[in-house]
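Peer 1: Build me a model:
(2 chains)
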Amino acid sequence: MGRGEADLIAFIVQRLINGIVVMAAVAFIAYLMFAFIGDPVASMLGDNATIEQREQLRVQLGLDRSLPLQYLSFLWRAVHGEFGISYRQLQPVSQLILARLPATLELSIAAAGLALAVGIPMGVYTGLRRDSWLARLFLTVSLIGVSLPSFLTGIILILLFSVELNWFASFGRGDTVALGWWTTGLLTVSGLKALVLPSITLSLFQLTLIMRLVRAEMLEVLRTDYVKFARARGLTDRAVHFGHALKNTMVPVITITGLQLGSIIAFAIVTETVFQWPGMGLLIIQAINFADIPVIAAYLVLIAFLFVTINLAVDLLYYAVDPRIRVERAGALG
Amino acid sequence: MIALTRFADSDFVYRFRRSPVTVGAAALTMFFIAVALLAPWLAPFDPFDPAKLDIMDARLPPAWRPGGTMKYLLGTDNQGRDVLSAIMYGSRISLAVSVGATGFALVLGVTLGLVAGYLGGRVDNFIMRLADVKLSFPTILIALMVDGIIRNSLPRELHRDIALYVLIFAIGISNWVQYARTVRGTTLVEKNKEYVQAARITGLSPVRIMAQHVLPNALGPVLVIATLGLGGAILTEATLSFLGLGAPATQPSLGTLIRIGNEVLFSGEWWITIFPGIYLVALVLAVNLLGDWLRDALNPKLR
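Peer 2: All right, here's what the predicted structure looks like:
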């Protein structure tokens, strides 16, 4: 085994241990919430229940057992994707989350796609024609886009396109089609129309980020010797710009977008609240407002798992792309 | 006095005066701070005094629209509160929370950075590992979960009384890493220099060496991070309050006002949402422009 491989394995193991420690800590917080916050029996049964009913539910929820046992059973069930029963909706939490997952994923992926599809061409344009008025306009607009909180963007879009022009519905997913357990809004006209405003809202920040990134990378790459050499060989502008320059800007763009996927899913909480989009974000906000502890705990564990996985994947990707990067890299990435 | 004239003649002030955008941003920021501090005296009404609210005045449009009156320049909300006064009082809460959160993040981050850099070894390793973990989650998500968990852990009445402090804690705890990293970097460089060794030989306590000898070297970058962090904290606070977490309805911040307006958006009363929104964006933009300029001005590489 070569030195490089040993390094790689050590690197992966260290990242894995990091991830496991984070997950254990988050699961512990989730369990503490489960065990010590509020009285689940009271919040599920209301004030009129008899003592027998309370006792029955207490046994049913496993609340009569000792705390270490409860923690172990919590961990055991969490690993199997079971997080108990929602206090508010009286359904298994895993079912609730699974039912909301497609809405959030469709919205997030649509937003990420939109950000890439619009952000890359805008970045290329502003990089190539940096002094044109259109490029300056793009940059100014992107500065405002960064300062505008996303809930305000959503409200303004609703005000313009729903209240004034009445082009799009302002809330919900429209009609959905069930494909097994996955409900999709992508197969109906009203579902697609409902996706337009929320995905624009969610993508705006990432879009400006990608545009600025591509612009900066293009400016950087266009100064390099091999681009000058390509020009000297008499290649057309088109071949130089898109064949040589753009291709080399894509590595950072792809990694940053991958990292941003987590942040898109986090910001989906805000977008979903503005548009009453029935995804996981809306679920967690309602859960926090109604003290629905099992849902909060499950969301906490799930989102932590998601981020740990994304970060691990991006770390490995970075390592694969650029072997100069060693474990210290984690320190450089804000 | 001499110090003041020297400051007025410095490069720093010269560069500041040469940039009209920055002077504008600074003036605007001062204006926002003044409004927030003086809200009880400047505002035409006290939006928190239920005795002065008149439900007959609810949902009046701004003065220049048909049906509006000069009494309520920017109109009223669904409870008859003067929107202009509510914005002034709201900006007071927004700024108080975000300044508090930035201050908390700064103290926490600087302390951890100094300790990590100065002590090194296991302590350093642990703090920086913690920083990595924090960085792998978005700020808004951490602030939201911390606020949500504390909110549900406390008795309802207790939480209502200390909601703003919970918010300061939640936003502060999600923003300390940048300070810690910067200060740690400076500390690692400075702690091996001769003047620090000299201080150590004279028997000064580590706390005093860290605070009086090492820390001043990091103050420039810390100031930049704090200014840019303030803009971010204002946005985080507004977002949490918009989501119905954050500031309670009895102490509405700008984000809360936007949420209240959003609930009646469909009946056409746009002013309840839009005016607090414009005020919020202007505030964040001014602070961010100032922070951007400060970053460039204090960076010797860009001179």
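
Peer 1: check contacts around the spatially closest residue to B:Met145 that is not a sequence neighbour.
Peer 2: Excluding its sequence neighbours, the residue lying closest to B:Met145 (CB to CB, 6 or more residues apart in numbering or on different chains) is A:Leu300, at 6.2 Å. (Glycine included, C-beta is placed from N, CA and C.) Counting by CB atoms under 8 Å, 6 or more residues apart in numbering or on different chains, A:Leu300 touches A:26, A:29-30, A:33, B:145.

Peer 1: Do you have the helices of the stretch 1-150 of chain A handy? List them.
Peer 2: If DSSP state H, counting those that start in this stretch is used as the criterion, the helices of the stretch 1-150 of chain A fall at A:3-36, A:40-45, A:51-60, A:67-79, A:93-128, A:133-147, A:150-157.

Peer 1: tell me the phi and psi of B:Phe45?
Peer 2: B:Phe45 adopts backbone torsions of phi -130, psi 160, taken as degrees, to the nearest 10.

Peer 1: Pretty sure B:Leu240 sits against B:Gly246.
Peer 2: Yes: the pair B:Leu240 / B:Gly246 is scored as a contact, 3.5 Å apart, by CB atoms under 8 Å.

Peer 1: For the stretch 151-300 of chain B, give me the ranges with low pLDDT.
Peer 2: Confidence mapping of the stretch 151-300 of chain B against pLDDT under 70 gives the ranges B:300.

Peer 1: So which residues on it come close to chain A?
Peer 2: Within the stretch 151-300 of chain B, the residues that sit near chain A (CB under 8 Å from any CB of the partner chain) are B:151-153, B:178, B:181, B:231, B:235, B:238-239, B:242-245, B:258, B:262, B:265-266, B:268, B:270, B:273-274, B:277, B:280-281, B:284-285, B:288.

Peer 1: Got a PyMOL select line for the buried ones in the residues you listed?
Peer 2: Remark: buried members of these, expressed as a PyMOL selection using 16 or more other CB atoms under 10 Å in any protein chain shown:
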select buried, chain B and resi 151+152+153+178+181+231+235+238+239+242+243+244+245+258+262+265+270+273+274+277+280+281+284+285+288
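
Peer 1: just curious, which of the contacts of A:Leu300 is nearest to A:Phe242?
Peer 2: B:Met145 (43.2 Å; CB to CB).

Peer 1: that's a helix at that closest one, yeah?
Peer 2: Yes: B:Met145 forms part of a helix when assessed by DSSP: H, G, I helix; E, B strand; the rest coil.

Peer 1: which one of B:Leu240 and B:Gly246 has more residues nearby?
Peer 2: Legend: neighbour count by other CB atoms under 10 Å in any protein chain shown for B:Leu240 and B:Gly246, higher for B:Gly246 (31 against 25).

Peer 1: any idea how far A:Ala135 lies from A:Ala216?
Peer 2: 13 Å (CB to CB, to the nearest Å).

Peer 1: Could you do A:Gln70 as well?
Peer 2: When A:Gln70 is compared with A:Ala216 (using CB to CB), they lie 52 Å apart.

Peer 1: can you tell me which of the helices of the stretch 1-150 of chain A the model trusts least?
Peer 2: For the helices of the stretch 1-150 of chain A, mean pLDDT drops lowest on helix A:40-45, to a mean of 66.

Peer 1: Return every residue with contacts to both of B:Leu240 and B:Gly246.
Peer 2: Common contacts of B:Leu240 and B:Gly246, defined by CB under 8 Å, 6+ apart, comprise B:147, B:167, B:255.

Peer 1: who wins for neighbours among these?
Peer 2: B:Gly255 (32 neighbours).

Peer 1: I'd guessed it sits against B:Ala247; true?
Peer 2: Yes: look at B:Gly255 against B:Ala247 with CB under 8 Å: they come within range, at 6.9 Å.

Peer 1: Return every residue with contacts to both of these two.
Peer 2: Here B:Gly255 and B:Ala247 have B:237, B:241 as joint contacts, going by CB under 8 Å, 6+ apart.
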